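Undergrad: Quick one, structure for this:
(one chain, ligands or ions: 1)
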Amino acid sequence: MEHFNTITKLLGLKDQNITIQDLIDCETHKEIIASLDYDAPNCPACGEKMGRYDFQKSSKIPYLDCVGYKCRILLKKRRFRCSNCRKMQISGTPLVKKNHQIPTILNQKIAQKLIEKTSMTKIAEELSVSTSTVIRKLNDFQFKTKLNYLPTVMIWDEYSFKKGKMSFIAQDFETNEVLAILDGRTQAVIRNHFLRYHRKVRECVQFITMDMYSPYYQLAKKLFPHAQIVLDRFHIVQHLSRAMNRVRIQIMNQFDLKSIEYRALKRYWKLIQQDSRKLKDELFYQPTFREHLTNREIRDRLLNYSEDLKQHYDLYQLLLFHFQEKNADHFFALIKDNFKQVDPIFQTVFKTFQKDKKKVINALTLPYSNAKLEATNNLIKVIKRNAYGFRNFENFKKRILIALNIKKEKTNLVLSRC
Ligand SMILES: [Zn+2]
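TA: The predicted structure is shown next:
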């Protein structure tokens with residue numbers, strides 16, 4: 001039947017031994033009735049010529065969607081029997097690998113989708129396969145750590161893999177390539193990972209950017225004897241901004257819950273955190289004050305509520321300014337001059353800055369930061385959000401590696417994997 005031939009082509013069924021017999025429109029999907037048959041082979045046991053026997057009960061093979069419909073192939077496979085030793089054999093086809101239920105082409109599709117930011121359940125649903133099939137495919141991806149190379153500039157960061165569990169991630173600053181995703185961020189975990197590299201390789205690392213987290217410093221020095229630690233700019237600002245926020249809350253809580261001061265300080269917290277140079281001058285109706293005010297005017301009102309708040313705010317803004325202007329001398333002079341007057345919340349932050357002065361200065365003078373890693377973190381967030389609870393760290397890690405490291409080779413990868 002000619003037109004079934006066309007369907008064969010359309011579906012990309014390359015096996016000449018498969019003949020489509022019918023196409024059934026079911027309400028929810030389309031069913032392709034086909035059979036697999038060819039000349040009897042020789043018996044694998046005794047070598048005699050086998051004979052055609054019957055057809056096996058149809059196997060249901062999920063297939064790629066066709067013109068918007070889910071498709072499955074009901075394939076009847078020929079069975080052969082040896083008249084000499086009675087051995088039975090079922091016909092084989094490259095459409096589905098031996099002992100597999102999923103066609104090769106669908107496997108390729110799964111691989112392709114794993115690179116995208118969809119959850120594994122979603123992939124399974126879209127392709128009408130089970131989640132375990134998707135997971136099995138995920139496990140096919142192998143990532144080898146290149147133990148003969150480490151970049152000059154490395155970025156370290158951490159993120160929570162699931163509630164209360166931190167993971168460690170290291171990336172190449174230049175290429176963004178993920179060098180390590182580790183289950184846990186303890187010194188032992190990190191040490192064991194990097195000690196797999198020869199000392200000569202580790203000596204190539206010149207800079208490591210990271211958050212202020214002192215257990216890492218010693219470890220990094222030991223593992224990478226030639227590396228300087230650069231504190232990440234984003235994290236430095238974050239520490240200042242958190243201190244400012246906590247001071248605001250502390251002051252806010254001194255007011256009555258129903259007072260305008262309390263409500264305004266609660267509602268407009270962002271205006272305090274924000275770099276004052278970025279405050280907008282547009283007039284907007286402000287329900288809290290029941291009048292039209294600009295952000296700058298609101299900020300001034302907030303600061304008028306408390307002399308304490310105003311002092312901390314001014315200092316905070318000045319620190320931000322010097323930091324952004326990369327003026328390390330002014331930045332540290334300001335910290336030194338104000339240390340005694342500030343709230344203990346700020347004192348704690350200042351102490352760490354002073355203790356790690358060299359590393360802060362590196363952040364101000366060197367062009368390296370974790371900015372790129374922030375993109376990774378966003379990707380991790382997306383993957384996590386889409387992947388309801390990665391209970392299994394290895395699966396989680398693989399998804400991230402696939403998404404980050406393989407993007408470039410996307411097409412090649414999908415084509416070469418079967
Ligand atoms: Zn035989």
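Undergrad: How many residues are close by N245?
TA: 16 (other CB atoms under 10 Å). Every residue, glycine included, has its C-beta placed from N, CA and C.
Undergrad: per-residue confidence for it?
TA: We have a pLDDT of 96 for N245.
Undergrad: name the element it belongs to?
TA: helix 233-252 (DSSP states H and E).
Undergrad: the longest strand in this structure is where?
TA: As assigned by DSSP state E, the longest strand anywhere in the chain is strand 69-82.
Undergrad: Let me know whether that one sits next to the ion.
TA: Yes. Using CB under 5 Å from the ion, strand 69-82 reaches the ion at C82.
Undergrad: so what strands line up beside that strand?
TA: strand 29-36 (parallel), strand 50-55 (antiparallel), strand 59-66 (antiparallel), strand 88-90 (antiparallel) (DSSP bridges).
Undergrad: got the contact list for the next helix or strand after the helix holding N245?
TA: Later in the chain than helix 233-252, the nearest helix or strand by DSSP H and E is helix 260-267. With contacts defined as CB atoms under 8 Å, 6 or more residues apart in numbering, helix 260-267 is touched by 248, 251-252, 255-256, 288-289, 298, 301-302, 305.
Undergrad: got the angle between helix 260-267 and helix 233-252?
TA: When axes from the mean of the first three to the mean of the last three CA atoms, to 10 degrees is applied, the directions of helix 260-267 and helix 233-252 differ by 160 degrees.
Undergrad: Rounded mean pLDDT for helix 260-267, please.
TA: Mean predicted lDDT for helix 260-267 stands at 95.
Undergrad: ranges for the strands of the stretch 101-250 of the chain?
TA: 153-162, 165-172, 178-182, 207-210, 228-231 (DSSP state E, counting those that start in this stretch).
Undergrad: can you put those in CSV and add mean neighbour count?
TA: Output for the strands of the stretch 101-250 of the chain, formatted as CSV (neighbours: other CB atoms under 10 Å):
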stretch, mean neighbour count
strand 153-162, 20
strand 165-172, 19
strand 178-182, 20
strand 207-210, 23
strand 228-231, 22
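Undergrad: and of the ones you listed, who's closest to P44?
TA: Closest of the strands of the stretch 101-250 of the chain to P44 is strand 178-182, at 45.0 Å (criterion: CB to CB).
Undergrad: tell me what the closest one is packed against?
TA: Contacts defined by 3 or more CB pairs under 8 Å, 6 or more residues apart in numbering; DSSP states H and E place strand 178-182 against strand 165-172, helix 187-194, helix 393-405.
Undergrad: And the ones you listed: which comes nearest L315?
TA: So among those, strand 165-172 is nearest, using CB to CB, at 31.7 Å.
Undergrad: Next, the angle from the closest one to strand 178-182.
TA: Using the same axes, to 10 degrees: strand 165-172 against strand 178-182 is 170 degrees.
Undergrad: Against which helices or strands is strand 165-172 packed?
TA: By 3+ CB pairs under 8 Å, 6+ apart, strand 165-172 packs against strand 153-162, strand 178-182, helix 371-386.
Undergrad: Outside of that strand itself, list whatever touches it.
TA: With contact meaning CB under 8 Å, 6+ apart, strand 165-172 is reached by 151, 153-161, 177-185, 189-190, 372-373, 376, 393.
Undergrad: Let's see that with 7 Å instead.
TA: With contacts defined as CB atoms under 7 Å, 6 or more residues apart in numbering, strand 165-172 is touched by 151, 154-161, 177-185, 189-190, 373, 376.
Undergrad: Direction included, what does it pair up with?
TA: Strand 165-172 has the following sheet partners, assigned by DSSP bridges: strand 153-162 (antiparallel), strand 178-182 (antiparallel).
Undergrad: who wins for proximity to the ion among those strands?
TA: strand 178-182 (52.2 Å; CB to the ion).
Undergrad: residue ranges with poor pLDDT in the stretch 1-150 of the chain?
TA: Where the stretch 1-150 of the chain drops to pLDDT under 70, the residues are 1-3, 115, 117, 142-143.
Undergrad: what's the pLDDT at the residue nearest to F194 when sequence neighbours are not counted?
TA: Computed as CB to CB, 6 or more residues apart in numbering, the closest residue to F194 that is not its neighbour in sequence is L223, at 4.8 Å. On the pLDDT scale, L223 is placed at 95.
Undergrad: Kindly present the helices and strands packed on strand 178-182 as JSON lines, with separate columns for mean pLDDT and distance to the ion.
TA: What follows is these, written out as JSON lines (pLDDT from 0 to 100; distance: least, CB to the ion, whole Å):
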{"stretch": "strand 165-172", "mean pLDDT": "84", "distance to the ion": "56"}
{"stretch": "helix 187-194", "mean pLDDT": "91", "distance to the ion": "54"}
{"stretch": "helix 393-405", "mean pLDDT": "73", "distance to the ion": "44"}
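Undergrad: mind listing what the residue lying closest to V153 once chain neighbours are set aside touches?
TA: Spatial nearest neighbour of V153, excluding adjacent residues (CB to CB, 6+ apart): F173 at 3.7 Å. F173 makes contact with 151, 153-155, 368, 372 under the criterion CB under 7 Å, 6+ apart.
Undergrad: ok, F173 to the ion distance?
TA: 64 Å (CB to the ion, to the nearest Å).
Undergrad: now do K76
TA: 23 Å.
Undergrad: ok, how many other residues are close to that residue?
TA: 19.
Undergrad: Would you check that it makes contact with S35?
TA: Yes. Using CB atoms under 7 Å, K76 is in contact with S35, at 4.4 Å.
Undergrad: who touches both of the two?
TA: Going by CB under 7 Å, 6+ apart, residues that sit against K76 and also against S35 are F55.
Undergrad: Dihedrals phi and psi, the residue in the stretch 101-250 of the chain that the ion sits nearest to?
TA: In the stretch 101-250 of the chain, no residue comes nearer to the ion than Q101, which is 27.5 Å away by CB to the ion. Per-residue torsions, Q101: phi -110, psi -20 (degrees, to the nearest 10).
Undergrad: isn't I155 right up against N370?
TA: Yes. Shown here, I155 and N370 form a contact pair, counting by CB under 7 Å, at 5.1 Å.
Undergrad: Need the overlap of contacts for the two.
TA: With CB under 7 Å, 6+ apart as the test, I155 and N370 both reach T209.
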